[in-house]
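Engineer: Here's my sequence, what's the structure:
(2 chains)
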2 protein chains.
Amino acid sequence: MPVPSRPRVVVVGAGFGGLWAARALSRSPADVLLIDRNNYHTFLPLLYQVAAAELEPGDIVYPVRSILRGLPNADFALAEVRRINFSERLVYLDGRAVAYDYLIIAAGSASHFFGVAGGPEFAFPLKTLDQGIRLRNHILRCFEGAAHNPNPAERRRLLTFVIVGGGPTGVEFAGALAELLRRPLTKDYPRINFDEARVILLEAAESLLPGFPDRLRAYAQDHLRRMGVEVRVRATVDQITPQATHLKDGSLTPTETVVWTAGVRGVPQAETWGLPTGRGGRVATLPTLQVAGHPEVYVVGDLAYLEEAGRPLPMVAPVAIQQGRFAAENIARQIEGREPLPFRYRDRGTMVTIGRNAAVAQLGGRSFTGFPAWLIWLSVHLFNLIGFRNRLIVLINWAWDYFLYERAVRLILPGEVNPASK
Amino acid sequence: MPVPSRPRVVVVGAGFGGLWAARALSRSPADVLLIDRNNYHTFLPLLYQVAAAELEPGDIVYPVRSILRGLPNADFALAEVRRINFSERLVYLDGRAVAYDYLIIAAGSASHFFGVAGGPEFAFPLKTLDQGIRLRNHILRCFEGAAHNPNPAERRRLLTFVIVGGGPTGVEFAGALAELLRRPLTKDYPRINFDEARVILLEAAESLLPGFPDRLRAYAQDHLRRMGVEVRVRATVDQITPQATHLKDGSLTPTETVVWTAGVRGVPQAETWGLPTGRGGRVATLPTLQVAGHPEVYVVGDLAYLEEAGRPLPMVAPVAIQQGRFAAENIARQIEGREPLPFRYRDRGTMVTIGRNAAVAQLGGRSFTGFPAWLIWLSVHLFNLIGFRNRLIVLINWAWDYFLYERAVRLILPGEVNPASK
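Structural biologist: All right, here's what the predicted structure looks like:
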């Protein structure tokens, strides 16, 4: 009797979805190849802290190969997926093709500008480590530029920071930026008049954090305002130029820094690869997370579009993690000749940090604000960060920041692939 | 009686020389402007550990403004010095000119290729943070490329690392690279046959570490060889191509990675600025560190050429620190109407680490090898690193490495200004 060859599972993307899929597949009689364009996994929930000069880039990323070490059936390829031939079951990388029996696509999301003129060119997205470093460098350069600029109007423009989007990322970044300005930078730039510095948070809806309970939304808004953030709701951005943000109501804010957290969409590569994408560039999957017509292809995480109780699942890490695991289990069932099962999301809650001792959290139907919510946020993020060393160093940085009102890292690092363009 | 205006001292470069000059000037009745193209000071003695994926870039750099905080008479400008008008006493930055009464030039050094063909284009220098990150990324990409390459000759070329120059930096980097390969990378790349990986250290002289006592030179050579480094003395590089290193004796080593630590020279900007440069692009100064004919201009550190007892002072951090301080004191004397004094170097010793529990050190006429030298090296470097937080995090990384035989950081970071070119 011939030994049956082990099926090969290719996983595209080492974000939350792909990584947890690869881990879950370690229990299956399959060979796994995980592909990513970076050799590290990025803990995106803390990316805004890299942009706000609170954490170092290395603190929130972890080498993929270290994560895969304990998994003897898994290998890694540092590569860009150029093309996928779904009928021949081939993934084309630069210079070579990889055959698969099962494919999990966990390629994630990119910023969505909803057609706002100047958005892609002049706004700073905050979706990748490189973008986080680029934004931080830009913010610090604005202060360096303002420190020696004799023109008050130019100084004010350099020191005005506009954040578009009052969802969790926008709120967290606005809070972190306000704290960066209030304490560490006032010490660094004794010659700058910080009355000229502004953090403006724009949200198109009626209030910040749409979808959160009223009490938490009110708390977030009040707290940010007390921290000096100018919160403007019902504010829709119409156009972004290198010099200003224009709103639909005709008003204009001179600024060199527009941070875009207002929308995400599936990565544009999904269309290139020939996946059936719908609204927001996402791929509508079957309830089993399979792509219709291709029972061997799964899409998970931000790129997957799936509704539950009539509402689309949110594009957040817990959904990606659960879907990654679930797709792995469904493939295991298929290998055993069983039918894949439909995915069900277990919502364990959401939380958003605002600043020092201040956060909002919703867990198991209960709402928390202030210090308790902040402690929950801190513990959950520290616990979920991969790698004990990263946890230790992030903890040191946070403690440093907390007790000394000081940012440990305010470096304009050589971290830009192309500093000439945003 | 009119209040005499405070003289303005401009310091170019925030390396060891410039930084210590600015600090020493805090005691003088002068306004100090420190100029650097980066907003951080780089602790260059540990740069090779960034390249060997042992430390994160942020661990060895420290924001200049944080260092200047305690100095009320000092300001910082993030800028590139384009031109200096010595007769008008003006330093031209992008878009503005800064007047000085006294000028300290501490612009440092760059790699010197001694006319070796292909050196500037294809060898990796190791003189700036950006270069350290670039080298690390390249080394890790070589492993990623070899992991999936079916061609044995190409694999061997990708896994051959040539270091040119057996001075302290070459020895330290060869040791760190050998340790990176021996332990952490073997765990990361179980499919790579590490018999195909080589670290080759080339030195043109009779032995490694020219200038060190015989015992230390022999120890370093033996120890590196036991660590698996192929040490080749009397080996002069003739040409470097993208695919190989060619020696004067006609031999050729296929490799994609040539690290150049064989020579340094004064930064080429010194000539652009119109300074009188001599051999090695350095500026011969008066014994007082002043430039002949310009008693208000000082040159310190690697860029300064000064002989003591008939031998040129070495281009090392202790000389730069002592000269920076000394130039500041001489300017203080000039402000008081006194004559500047001649500089005398106090040589406190030198040390080179080779690897785990292994180093050589020469202190106060005594030689140390092995574990004692390694402990001295560790303490001195940790103590001299600026910033308590940096010390703590570097200590954690070293302890991690030491006890777990593991590199904490093997990330190919978005740290290259222009990844297309070296």
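Engineer: In the stretch 251-400 of chain A, what residue spans correspond to helices?
Structural biologist: A:269-272, A:317-335, A:370-384, A:388-404 (DSSP state H, counting those that start in this stretch).
Engineer: what angle sits between the longest one and helix A:370-384?
Structural biologist: What it means is helix A:317-335. Using axes from the mean of the first three to the mean of the last three C-alpha atoms, to 10 degrees, the inter-axis angle of helix A:317-335 relative to helix A:370-384 is 40 degrees.
Engineer: Quick check: which element contains A:His246?
Structural biologist: A:His246 belongs to strand A:244-247 when assigned by DSSP states H and E.
Engineer: what do you get for A:Gly115?
Structural biologist: Here A:Gly115 is assigned to no helix or strand, by DSSP H and E.
Engineer: Neighbours of it, how many?
Structural biologist: Counted with other C-beta atoms under 10 Å in any protein chain shown, residues neighbouring A:Gly115 total 7. Any C-beta I mention is one placed from the backbone N, CA and C, and that applies to glycine too.
Engineer: ok, it - contacts?
Structural biologist: Neighbour list for A:Gly115: empty [criterion: C-beta atoms under 8 Å, 6 or more residues apart in numbering or on different chains].
Engineer: where's it relative to A:Thr236, distance?
Structural biologist: 12 Å (C-beta to C-beta, to the nearest Å).
Engineer: Could you do A:His41 as well?
Structural biologist: 35 Å.
Engineer: who has more neighbours, those two?
Structural biologist: Just comparing A:His41 and A:Thr236: by other C-beta under 10 Å the higher neighbour count belongs to A:His41, 23 against 15.
Engineer: Direction included, what does whichever strand or helix holds the more buried one pair against?
Structural biologist: If you go by DSSP H and E, A:His41 is part of strand A:40-42. Sheet pairing of strand A:40-42 (DSSP bridges) gives strand A:61-63 (antiparallel).
Engineer: do the helix or strand following the partner strand and chain B meet?
Structural biologist: Sequence-wise, the next helix or strand downstream of strand A:61-63 (DSSP H and E) is helix A:64-68. Yes: if you take C-beta under 8 Å from any C-beta of the partner chain as the test, helix A:64-68 does meet chain B, through A:Arg65, A:Ser66.
Engineer: again with stretch A:47-58
Structural biologist: Yes: Stretch A:47-58 lies within reach of chain B by C-beta under 8 Å from any C-beta, at A:Glu56, A:Pro57, A:Gly58.
Engineer: Can you get me a residue count around the second one?
Structural biologist: Applying the criterion other C-beta under 10 Å, we find 26 residues in the vicinity of A:Pro57.
Engineer: Was I right to think it contacts A:Gly132?
Structural biologist: Yes: with contact defined as C-beta atoms under 8 Å, A:Pro57 counts as touching A:Gly132 (7.2 Å).
Engineer: Can you check which residues contact both of those two?
Structural biologist: Common neighbours of A:Pro57 and A:Gly132 (C-beta under 8 Å, 6+ apart) are A:Val50.
Engineer: end to end, how far does stretch A:59-72 reach?
Structural biologist: 26 Å (C-alpha to C-alpha, to the nearest Å).
Engineer: for stretch A:52-65, same thing?
Structural biologist: Start-to-end, stretch A:52-65 (C-alpha to C-alpha) is 28 Å.
Engineer: Now do it, average pLDDT.
Structural biologist: Stretch A:52-65 shows a mean pLDDT of 88.
Engineer: just how off-centre is that stretch within its chain?
Structural biologist: 13 Å (C-alpha atoms, centre = their mean, to the nearest Å).
Engineer: for stretch A:136-156, same thing?
Structural biologist: 28 Å.
Engineer: now do stretch A:13-24
Structural biologist: 15 Å.
Engineer: cool, and stretch A:351-358?
Structural biologist: 17 Å.
Engineer: Run through who's touching it.
Structural biologist: A:168, A:171-172, A:175-176, A:178-179, A:209, A:212, A:220, A:223-224, A:227, A:359-363, A:368-371, A:373-374, A:376-378, A:380, A:402.
Engineer: mind exporting that stretch as CSV, just the C-alpha atoms?
Structural biologist: Extracted as CSV, the C-alpha positions of stretch A:351-358 are listed here (Å, rounded to 0.1, in the frame of the first residue of the first chain):
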residue,chain,number,x,y,z
MET,A,351,-11.8,48.1,24.4
VAL,A,352,-10.2,51.4,23.5
THR,A,353,-7.6,53.2,25.4
ILE,A,354,-7.7,57.0,25.6
GLY,A,355,-4.8,58.0,27.7
ARG,A,356,-3.2,57.8,31.1
ASN,A,357,-5.6,55.9,33.4
ALA,A,358,-8.4,56.3,30.9
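Engineer: Which positions in that stretch come out as buried?
Structural biologist: A:Met351, A:Val352, A:Thr353, A:Ile354, A:Gly355, A:Arg356, A:Ala358 (16 or more other C-beta atoms under 10 Å in any protein chain shown).
Engineer: Report the two of these separated the most.
Structural biologist: Using C-beta to C-beta, those span at most 15.6 Å, a distance reached by A:Met351 and A:Arg356.
Engineer: any idea how far the residue nearest in space to the middle of chain A lies from A:Thr169?
Structural biologist: In chain A, the residue lying closest to the centroid (C-alpha atoms, centre = their mean) is A:Leu44, at 4.2 Å. Separation of A:Leu44 from A:Thr169 (C-beta to C-beta): 9 Å.
Engineer: do A:Leu25 as well
Structural biologist: A:Leu25 is 30 Å from A:Thr169, by C-beta to C-beta.
Engineer: next one: A:Val267
Structural biologist: 17 Å.
Engineer: thinking again about what came up before, out of the contacts of stretch A:351-358, who's near chain B?
Structural biologist: Okay, of these, nothing touches chain B (C-beta under 8 Å from any C-beta).
Engineer: Show the buried residues in the residues you listed.
Structural biologist: By 16+ other C-beta under 10 Å, the contacts of stretch A:351-358 give A:168, A:171-172, A:175-176, A:178-179, A:209, A:212, A:220, A:223-224, A:227, A:359-362, A:368-369, A:373-374, A:376-378, A:380 as buried.
Engineer: Which ones among these map onto strands?
Structural biologist: If you go by DSSP state E, these have A:Ala359, A:Val360, A:Ala361, A:Gln362, A:Phe368, A:Thr369 in strands.
Engineer: Disregarding residues adjacent in the polypeptide, which is nearest to the fifth one?
Structural biologist: So the one you mean is A:Phe368. Of all residues not flanking A:Phe368 in the chain, A:Ala361 sits nearest, at 4.4 Å (C-beta to C-beta, 6 or more residues apart in numbering or on different chains).
Engineer: measure the one you found to A:Leu44 for me?
Structural biologist: 19 Å.
Engineer: doesn't A:Val32 make contact with A:Val6?
Structural biologist: Wrong residue type there; residue A:6 is Arg, not Val. No: using C-beta under 8 Å, A:Arg6 is not in contact with A:Val32, being 9.9 Å away.
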